[in-house]
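Novice: have a look at this prediction, sequence included:
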Amino acid sequence: MATLTGNGVHGRLAGRMALITGGLRGIGLACAKRFAAEGATLLLSDLDPLDAPAVRAALAELDGAADYIRADVTSEQDWLSIRAALDEGSGKLHILVNNAGIDQTGAIDSISLDLWHHVMDINATGPFLAARTLLPQLARGGADVRGGASVINISSIMGIVGHAEASAYNASKGALRLFTKGIAMEWAQAGMAIRANSIHPGCIFTALLESGFQNWVERGYAASVDDLVEAMAAKTPMGRLGRPEDVAAAAAFLASDDSAYMTGTELVIDGGWTAQ
Ligand SMILES: NC(=O)c1ccc[n+]([C@@H]2O[C@H](COP(=O)([O-])OP(=O)(O)OC[C@H]3O[C@@H](n4cnc5c(N)ncnc54)[C@H](O)[C@@H]3O)[C@@H](O)[C@H]2O)c1
């Protein structure tokens, strides 16, 4: 990977190093853009190789504020590579967004053990490996800033409430929700300057949502993805699906000192869906 770079923007996140997994598209990329606008320096990771068009496009949009490393969140070796990349720079990490995730739907008797492990590995084990591997970098970063370092785990409303034919996804996102509270307690009680909070998006219009909706369509739940979008918007109290930027705004708040007294909590960004 190339050298980590910074930018000169002043803002709530000025001078902070942020790592965003799954940062090339959707919610991850929206967080990257928002963090860069608030002054952060970014390291994005995702599955695409360094020379992929999506990497070029994301880095161009971030205009010199970001660098990229190819890393699979399920690979311990890849986490060690991320740690080495951070150590080539300041060795400090102020913000970690565990955003990489996959959707998985299907009735319980259609989910193979391999598929179950796959969903759990990406959505729950990935954030565990991240927290374990990058603890020294987070501790060093946290010592720098008033609110401490901030770990932001992107769970889902499906980590709070159940949904038919989504049990593996429910389990993985529920695990991430309580994993977050566990590390939050551990670090707070040890007097460490690292906070951990989870974000629970509702239906946010991204590639993941579209392919998930396509699966429901193929299983006969709706005539088309557009019909399903319309139906989900109608079921949402605020009458629309969310945008990645809606989640990024909450992530920027949790990343900043504005949330300095928050740890182990969960922010629900769902247009009122779970309040019904
Ligand atoms: N879109 C929604 O409606 C919604 C709702 C609730 C929660 N979420 C969660 O938000 C997060 C981002 O979702 P999105 O909608 O932006 O999805 P997306 O598919 O647009 O982006 C996810 C990114 O994660 C990457 N990724 C997948 N597996 C990976 C792995 N093993 N290692 C590294 N990167 C990997 C993908 O390549 C992709 O770039 C996910 O954790 C998802 O579960 C999304």
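Specialist: Okay, I see it.
Novice: now stretch 148-164: mean pLDDT?
Specialist: Here stretch 148-164 scores 98 as its mean pLDDT.
Novice: ends of that stretch, how far apart?
Specialist: Stretch 148-164 has an end-to-end distance of 39 Å (criterion: Cα to Cα, to the nearest Å).
Novice: helices or strands up against the least confident helix or strand in the chain by mean pLDDT?
Specialist: The helix or strand of the chain with the lowest confidence, counting by mean pLDDT, DSSP states H and E, is helix 207-218 at a mean of 93. Helix 207-218 makes packing contacts with helix 225-235 when contacts are defined by 3 or more Cβ pairs under 8 Å, 6 or more residues apart in numbering; DSSP states H and E. Just so you know, the C-beta spots here come from the backbone N, C-alpha and C atoms, and that holds for glycine as well.
Novice: now the helices for the stretch 1-150 of the chain?
Specialist: Defined through DSSP state H, counting those that start in this stretch, the helices belonging to the stretch 1-150 of the chain, from first to last, are 26-37, 53-62, 76-88, 113-120, 126-133, 135-142.
Novice: which of these is buried the deepest?
Specialist: For the helices of the stretch 1-150 of the chain, ranked by mean neighbour count under the definition mean count of other Cβ atoms under 10 Å, the leader is helix 26-37 at a mean of 25.
Novice: what residues does the stretch 101-250 of the chain put near the ligand?
Specialist: Residues of the stretch 101-250 of the chain found near the ligand (Cβ under 6 Å from any ligand atom) are Gly101, Ile102, Ile122, Ile154, Ser156, Pro201, Cys203, Ile204, Thr206, Ala207, Leu208, Leu209.
Novice: hang on, His163 is in a helix, isn't it?
Specialist: No. His163 sits outside any helix when classified using DSSP: H, G, I helix; E, B strand; the rest coil, being coil.
Novice: helix, strand or coil for the closest residue to it other than its chain neighbours?
Specialist: If you skip the residues right next to it in sequence, His163 has Asn170 as its closest partner in space, 6.4 Å away by Cβ to Cβ, 6 or more residues apart in numbering. Three-state call for Asn170 (three-state DSSP): helix.
Novice: ok, Asn170 to Asp51 distance?
Specialist: Distance from Asn170 to Asp51, counting by Cβ to Cβ, to the nearest Å: 37 Å.
Novice: which of the two has more residues huddled nearby?
Specialist: Asn170 (20 against 8; other Cβ atoms under 10 Å).
Novice: quick one, the longest strand seen in the chain and helix 135-142 angle?
Specialist: For the chain, the strand with the greatest residue count under DSSP state E is strand 194-201. With axes from the mean of the first three to the mean of the last three Cα atoms, to 10 degrees as the criterion, the two stretches strand 194-201 and helix 135-142 enclose an angle of 100 degrees.
Novice: partners of strand 194-201, with directions?
Specialist: The pairing partners recorded for strand 194-201 under DSSP bridges are strand 149-154 (parallel), strand 266-269 (parallel).
Novice: name the residues of the last one that are buried.
Specialist: Read it as strand 266-269. With burial defined by 16 or more other Cβ atoms under 10 Å, the residues of strand 266-269 counted as buried are Glu266, Leu267, Val268, Ile269.
Novice: tell me the one of those residues nearest the ligand?
Specialist: Nearest to the ligand among the buried residues of strand 266-269, counting by Cβ to the nearest ligand atom, is Ile269 at 8.7 Å.
Novice: ok, the closest one touching Gly202?
Specialist: Yes. Using Cβ atoms under 8 Å, Ile269 is in contact with Gly202, at 6.7 Å.
Novice: what's the overlap in contacts for the two?
Specialist: By the contact definition Cβ atoms under 8 Å, 6 or more residues apart in numbering, Ile269 and Gly202 are jointly contacted by Gly242.
Novice: circling back: among the residues of the stretch 101-250 of the chain next to the ligand, name the buried ones.
Specialist: Neighbour-count burial (16+ other Cβ under 10 Å) applied to these gives Gly101, Ile102, Ile122, Ile154, Ser156, Pro201, Cys203, Ile204, Thr206, Leu208, Leu209.
Novice: quick one on the thing from earlier: and the residue nearest to His163, what does it touch?
Specialist: Taking Cβ under 8 Å, 6+ apart as the definition of contact, the neighbours of Asn170 are Met158, Gly159, Gly162, His163.
Novice: the first one in helix, strand or coil?
Specialist: Using three-state DSSP as the criterion, the local structure at Met158 reads helix.
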